[in-house]
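A.B. asks: Below are the sequence and a predicted model for it; my questions follow.
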Amino acid sequence: MTFRSIEHCFEEIWNLESLDDCQQKARDYLVTQSHHKKDILSHIQYILLSHELKIPANAWQESLLKLASENPLGQFQIFAFKSLLEKTGIELLPIHYQAGEDLLAPQMKGSSLLSLQELRELFTSTLHRNRPWTLYALLSESREHPGLFILQNQEGRLVMEDTSPWTLPVLGLSRRGLKWYQALGDTPQGIFYINGVMPQVNKREIFGDYRRLIVDYNDFSENDYKTILPSSVWNNNWWREALLAQQLGRSLLRIHGTLRVTENTKAPFYPFYPTSGCLTTRESGLFNDQRLLLDQLMKTQGLTCSLKNEEQLNGMLVVVNMHRKDLNPKVILQELAP
């Protein structure tokens, strides 16, 4: 394996939990990297990797703290990675992450669970016209209880299965118990693009037997959101989570299955297995929900179901928190069906 950047190395080693696969190559790559970079996120990723791989990173730590003291955005990113950085032994001071707390609170003021009325207004907005389909991940307020995927076609109609809405269970819970604004935390709310799938199936225990959908940040400006979203939906700041998560350096969001199963059968999310920030489907035992999801998206896009056409998937993803009592297909049908 050849690493293209510190970010690529971080993706392969940290987020994909493949330390045993290529740790020596990662060590060899990292020790060649200079700490004279202006990119604070690279510093954070290097320090986290060096801790895992037992590589000295004193110069990188000193450089990070200096850059952060001069850069409010850098402090925001340190705020997101604070819990992970503290485990490396780096001596963080309040000044190094205070800007993150100061920036987060006012931007998220007024954010609340999306009501059924707001969901209906969002569903009937012009958002669905941007791409062939829009996948909604309606998540429970606690995130410990599974939510629902529903699907909207480009004409704005709810995709049906016989006389009921097409749905699939989904989980957006961090297995580390971290919030959306923290690295490896819960999946952030917001509006995203889905741009095809990963090139291959690998690390099946973690990611399942089917390819992962690639979730990317969109290119909307704040004015674009104001134009696209109904006023009541815009005023509820849930959609800002994705904007802030991108600034914080959160990346590598995916939708995938997993062959892992939660051992605690009494857990509210059983048999789901929480992730490092991705949306996850059931894919163990009798379940093959990731396969069902990929096939339904291809059908809605007018594609024949095939491995090649998975690469052509091109849609929107809307992630919202709602009251668990509202996550009922009958209620959804009543609210969203024409």
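C.D. replies: Noted; the coordinates are in hand.

A.B. asks: Nearest spatial neighbour of residue 93, chain-adjacent residues omitted?
C.D. replies: residue 65 (7.9 Å; Cβ to Cβ, 6 or more residues apart in numbering). All C-beta spots, glycine's among them, are computed from the backbone N, C-alpha and C.

A.B. asks: what about the closest residue to residue 184 other than its chain neighbours, distance to residue 11?
C.D. replies: Leaving aside its sequence neighbours, residue 184 sits nearest to residue 276 (Cβ to Cβ, 6+ apart; 4.4 Å). According to Cβ to Cβ, to the nearest Å, residue 276 stands 11 Å off from residue 11.

A.B. asks: what's the answer for residue 161, then?
C.D. replies: Residue 161 is 36 Å from residue 11, by Cβ to Cβ.

A.B. asks: Which one of those two is surrounded by more residues?
C.D. replies: Neighbour tally, residue 161 and residue 11, criterion other Cβ atoms under 10 Å: the higher count belongs to residue 11, 17 against 11.

A.B. asks: The residue nearest to residue 93 touches residue 75, doesn't it?
C.D. replies: No - proximity of residue 65 to residue 75 does not meet the contact threshold set by Cβ atoms under 8 Å, at 10.4 Å.

A.B. asks: what touches both of those two?
C.D. replies: residue 96 (Cβ atoms under 8 Å, 6 or more residues apart in numbering).

A.B. asks: Counting neighbours, go ahead and name the busier of those two.
C.D. replies: The residue with more neighbours, out of residue 65 and residue 75, is residue 75; 23 against 18, by other Cβ under 10 Å.

A.B. asks: Touching, that one and residue 104? I think so.
C.D. replies: No - using Cβ under 8 Å, residue 75 is not in contact with residue 104, being 11.2 Å away.

A.B. asks: check contacts around the residue nearest to residue 93.
C.D. replies: 90, 92-93, 96 are the contacts of residue 65 under Cβ under 8 Å, 6+ apart.

A.B. asks: Max pairwise distance over the residues you listed: which two?
C.D. replies: 90 and 93 (10.3 Å; Cβ to Cβ).

A.B. asks: what about those two, which has more around it?
C.D. replies: Between residue 90 and residue 93, residue 90 has the larger neighbour count (other Cβ under 10 Å), namely 20 against 10.

A.B. asks: any idea how far the residue nearest to the more buried one when sequence neighbours are not counted lies from residue 185?
C.D. replies: Spatial nearest neighbour of residue 90, excluding adjacent residues (Cβ to Cβ, 6+ apart): residue 61 at 5.1 Å. Distance from residue 61 to residue 185, counting by Cβ to Cβ: 23 Å.

A.B. asks: ok, now residue 69?
C.D. replies: Residue 69 is 25 Å from residue 185, by Cβ to Cβ.

A.B. asks: who has more neighbours, the two?
C.D. replies: residue 185 (22 against 12).

A.B. asks: re the thing from before, how confident was the prediction at the residue nearest to residue 184?
C.D. replies: pLDDT for residue 276: 88.

A.B. asks: do residue 262 as well
C.D. replies: Value for residue 262, per-residue pLDDT: 91.

A.B. asks: Alright, calling it a day.
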